[in-house]
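Novice: below are the sequence and a predicted model for it; my questions follow.
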Amino acid sequence: MNPLQQSVPFRFLRVVLAVTGAGLLLAAVPIFFPAGLINYLHQQLGLGEFPDVAIAFYLARSTSLLYAVHGALMFFVSFDLIRYWPLVRLFGFLHVALGLTMLGIDISAPMPLYWIIGEGMPVAATGVLILWLWNRSNTAVCQSKVEF
């Protein structure tokens, strides 16, 4: 095991990617929800009646699928960070951009305050955490003067 793999930031980064990926994989479940359940959950979230049109169900299900695919990729990468090291950094930048963009979309929609606070900001914060851990891991490698 090289010094990078032994560093605390590297090990924590692996956990962050695995847990985030596993959480995002849970988005695969709603893909298969019947329309009635989607409408019920939409109402329970205080968002009113879910539009009963094909495009709304298509967008809801395809968004869930995209979250799940992203989660699968993050989870997969977490098992071989060395091999995918540049991609890990990209995940960080993409999460910051995605989170800030989602925040803007949520505000302009306008979504409820709990949604605004609970969606974009945690995604952006995860990106910042990934970038911070990635940089801390690189520092550990540079200090040990070992290339990977």
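Specialist: Now that the structure is in, tell me what you want to look at.

Novice: for residue 5, which non-adjacent residue is closest in space?
Specialist: residue 82 (7.1 Å; CB to CB, 6 or more residues apart in numbering). C-betas here are computed from N, CA, C, even on glycine.

Novice: the one you found reaches residue 4, doesn't it?
Specialist: Yes - using CB atoms under 8 Å, residue 82 is in contact with residue 4, at 6.9 Å.

Novice: got the phi/psi numbers for residue 131?
Specialist: phi -60, psi -40 (degrees, to the nearest 10).

Novice: rewinding a little: distance-wise, check the residue nearest to residue 5 relative to residue 126.
Specialist: As judged by CB to CB, to the nearest Å, residue 82 and residue 126 stand 21 Å apart.

Novice: these two: which is more packed in?
Specialist: residue 126 (22 against 11; other CB atoms under 10 Å).

Novice: nearest residue to the more buried one other than its sequence neighbours?
Specialist: In space, residue 126 is closest to residue 95, 5.1 Å off (CB to CB, 6+ apart).

Novice: correct me if wrong: that neighbour contacts residue 122.
Specialist: No - between residue 95 and residue 122 there is no contact under CB under 8 Å: 9.6 Å.
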